[in-house]
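# Pasted the sequence and its predicted model underneath.
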2 protein chains.
Amino acid sequence: MADKREHILVVAEELFAEKGFDGTSVRDIAQQAGVNLAMISYYFGSKEKLLESLLEFRAGYAYGILEELNQDQSLSPWDKIDRLVDFYVDRILNNLRFHNIMYQESSTRSEEIRIKAKDIKLRNLEQISKIITDGQQKGLFRQVDIPLTVGTIMGTISSYTLSKFYTCAILALNEDVDDELYRLRLSPRLKAHLKQLLRAHLDIHNDSLPPNRLKGL
Amino acid sequence: MADKREHILVVAEELFAEKGFDGTSVRDIAQQAGVNLAMISYYFGSKEKLLESLLEFRAGYAYGILEELNQDQSLSPWDKIDRLVDFYVDRILNNLRFHNIMYQESSTRSEEIRIKAKDIKLRNLEQISKIITDGQQKGLFRQVDIPLTVGTIMGTISSYTLSKFYTCAILALNEDVDDELYRLRLSPRLKAHLKQLLRAHLDIHNDSLPPNRLKGL
DNA sequence: ATTAATCAATTAAACGTTTGTTTAATTCAA
DNA sequence: TTGAATTAAACAAACGTTTAATTGATTAAT
């Protein structure tokens, strides 16, 4: 075992996402990670600080990708939106555990954790904002509420990753389908929907749309 | 106290939403509700069955409203979409507690609870589906992924109701703002965003949009 | 009308687990 | 030999649930 500390974090991540923070005992984590119970206090200080460490451990990754995507001059804003959707769907579906902790569990915890989670989200929002404002400056995107648009992306995905039961019903899958097939079905559908949605939402040509609403009547 | 059972449910709802299911003890509920600890087992059987009772207690309301909205012949599909957005934003913001339980907490619980939560969601989806397919049949709405569109509505709202810390940062509000002002700021912004979003997303005129994407380049 | 019986409502206390954390001893490598 | 890593054991506190006793109002018998 290369890094025991990191291994504990990965195991804790899985368990937290599966059973919730309060629903997971330190003994669960220790046993699943194959380490002594006392090692968790020894490494992290407490269960709450373990969660804090987990946030730090995972925080950097998404930001790096977004930054890179942002600086890529060869991609049009539309391409970047598509890539953004692909990235987030893939990332969330492949890191369901961490995502659930980050977006639901952390909001009921200590102030330090809530602040940390907030800051991570704000940093990511900043990067996505740049992509959208760039598209606006280039005359491709219309005026939209950017933070809420980001909320729409994350929220749409989350609404289908929080409850496997409901999602399986929608996808016409058996409830105990294996994770591989589950992702395989959900991923393209989420991506297609979000791209179609954002295309219409962001397109500059739709700026004159609101008054047209009554056309069809 | 008219109905003690119901009073316990309301108190439990508040506490669950605030501190999570596992984070709330039966003693917390009993104390806050002003009843003896044993009354909760006496009334509901167990803590889990209390949550189950809570779901049943709250489930009926939304469905009734949606059904009514659906059957209203005087409203156009576009009007119904607007009303739908208004309803859900208001309802979720005014029942933050129950919504958080229903959409996050219930997914990590017993099978019975997960099934119950799933069924409630499916029933509501059914009603919203009718509104959208009606708009499609009337030639107003284009072809969209209806269940995912519903996920977008719920998810967008949820993404801003799960973490008050983050939301306050976005709204440029102090973190300990009172709930009244908090809702007053968040509600119109969510409604405006969702209506603008759905207008573009659903409009039949956008069916020919995808190939136009490259226009701006 | 008074008493007796019945049963649900309510209570305080205790149940056995499980919780997060700490201690104090031991291992092991530097 | 020093100090970090690791261990088993113990800690008190909190957990969900149960018990057994008591209350209080309603019903049946006297």
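Thanks, I have it. Residues are numbered from 1 along each chain as shown, chains lettered A, B, ... in the order given.
# how close does residue A:41 get to DNA strand C?
4 Å (CB to the nearest atom of the strand, to the nearest Å). In this view, the C-beta of every residue, glycine as well, is placed from N, C-alpha and C.
# got the contact list for that residue?
Residue A:41 sits next to residue A:26 when contact means CB atoms under 8 Å, 6 or more residues apart in numbering or on different chains.
# Dump the helix or strand hosting residue A:158 to PDB, keeping only the CA atoms.
Assigned by DSSP states H and E, residue A:158 falls within helix A:146-159. Output in PDB follows, covering the C-alpha atoms of helix A:146-159 (Å, rounded to 0.1, in the frame of the first residue of the first chain):
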ATOM      1  CA  ILE A 146     -24.700  32.500 -15.600                       C
ATOM      2  CA  PRO A 147     -24.600  31.100 -12.100                       C
ATOM      3  CA  LEU A 148     -28.100  29.700 -12.500                       C
ATOM      4  CA  THR A 149     -27.100  28.200 -15.800                       C
ATOM      5  CA  VAL A 150     -24.300  26.400 -14.100                       C
ATOM      6  CA  GLY A 151     -26.800  25.300 -11.500                       C
ATOM      7  CA  THR A 152     -28.900  23.900 -14.300                       C
ATOM      8  CA  ILE A 153     -26.000  21.800 -15.600                       C
ATOM      9  CA  MET A 154     -25.000  20.500 -12.200                       C
ATOM     10  CA  GLY A 155     -28.600  20.100 -11.000                       C
ATOM     11  CA  THR A 156     -29.800  18.200 -14.000                       C
ATOM     12  CA  ILE A 157     -27.000  15.700 -13.600                       C
ATOM     13  CA  SER A 158     -27.500  15.500  -9.800                       C
ATOM     14  CA  SER A 159     -31.200  14.900 -10.100                       C
END
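# Show me how far the very next helix or strand once past that helix is from its chain's centre.
On the C-terminal side of helix A:146-159, the nearest following helix or strand under DSSP H and E is helix A:164-171. Computed by CA atoms, centre = their mean, to the nearest Å, the chain-centroid distance of helix A:164-171 equals 19 Å.
# Can you confirm whether helix A:164-171 lies near chain B?
Yes - residues of helix A:164-171 contacting chain B under CB under 8 Å from any CB of the partner chain: A:164-166, A:169-170.
# out of those residues, who's nearest residue A:99?
Closest to residue A:99 out of these is residue A:164 (13.4 Å), distances taken as CB to CB.
# ok, that closest one to DNA strand D distance?
The gap separating residue A:164 from DNA strand D is 24 Å, by CB to the nearest atom of the strand.
# try residue A:123
Residue A:123 is 31 Å from DNA strand D, by CB to the nearest atom of the strand.
# I figured that residue hits residue A:61, correct?
No - with contact defined as CB atoms under 8 Å, residue A:123 does not reach residue A:61; the gap is 11.9 Å.
# Now residue A:159: closest residue in space that isn't a chain neighbour?
Nearest-residue entry for residue A:159: residue B:155, 3.5 Å, with adjacent residues in sequence omitted and distances by CB to CB, 6 or more residues apart in numbering or on different chains.
# Return, as residue ranges, the portions of chain A with sub-threshold pLDDT.
Low-confidence segments of chain A, defined by pLDDT under 70: A:1-2, A:208-217.
# Go through the residues of it and report the one nearest to DNA strand D.
residue A:36 (3.0 Å; CB to the nearest atom of the strand).
# residues in contact with the spatially closest residue to that residue that is not a sequence neighbour?
Distance criterion CB to CB, 6+ apart; nearest residue to residue A:36, sequence neighbours excluded, is residue A:30 at 6.4 Å. For residue A:30, the contact set (CB under 8 Å, 6+ apart) comprises A:36-37, A:39-40.
# Could you check how far residue A:30 is from residue A:53?
Remark: distance between residue A:30 and residue A:53 (CB to CB, to the nearest Å) = 15 Å.
# do residue A:134 as well
35 Å.
# More neighbours: the two, which one.
The neighbour comparison of residue A:134 against residue A:53 (other CB atoms under 10 Å in any protein chain shown) goes to residue A:53, with 18 against 15.
# Surely the more buried one touches residue A:44?
Yes - Residue A:53 lies in contact with residue A:44 (CB under 8 Å); the separation is 5.6 Å.
# Get me the contact residues on chain A for DNA strand D.
Within chain A, the residues that sit near DNA strand D (CB under 7 Å from any atom of the strand) are A:4, A:35-39, A:42.
# Give the buried subset of those as a ChimeraX selection command.
To isolate the buried ones among the residues of chain A next to DNA strand D in ChimeraX, judged by 16 or more other CB atoms under 10 Å in any protein chain shown, type:
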select /A:35,39
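# among the residues of chain A next to DNA strand D, which are in strands?
Taking DSSP state E, every one of those sits outside strands.
# closest to residue A:85 among the residues of chain A next to DNA strand D?
residue A:4 (36.7 Å).
# What's the separation between the closest one and residue A:35?
Using CB to CB, one obtains 6 Å as the distance from residue A:4 to residue A:35.
# can you check residue A:147 too?
Distance, residue A:147 to residue A:35, using CB to CB: 41 Å.
# Which one's more surrounded, residue A:123 and residue A:61?
Neighbour count, other CB under 10 Å: between residue A:123 and residue A:61, residue A:123 has more, with 15 against 12.
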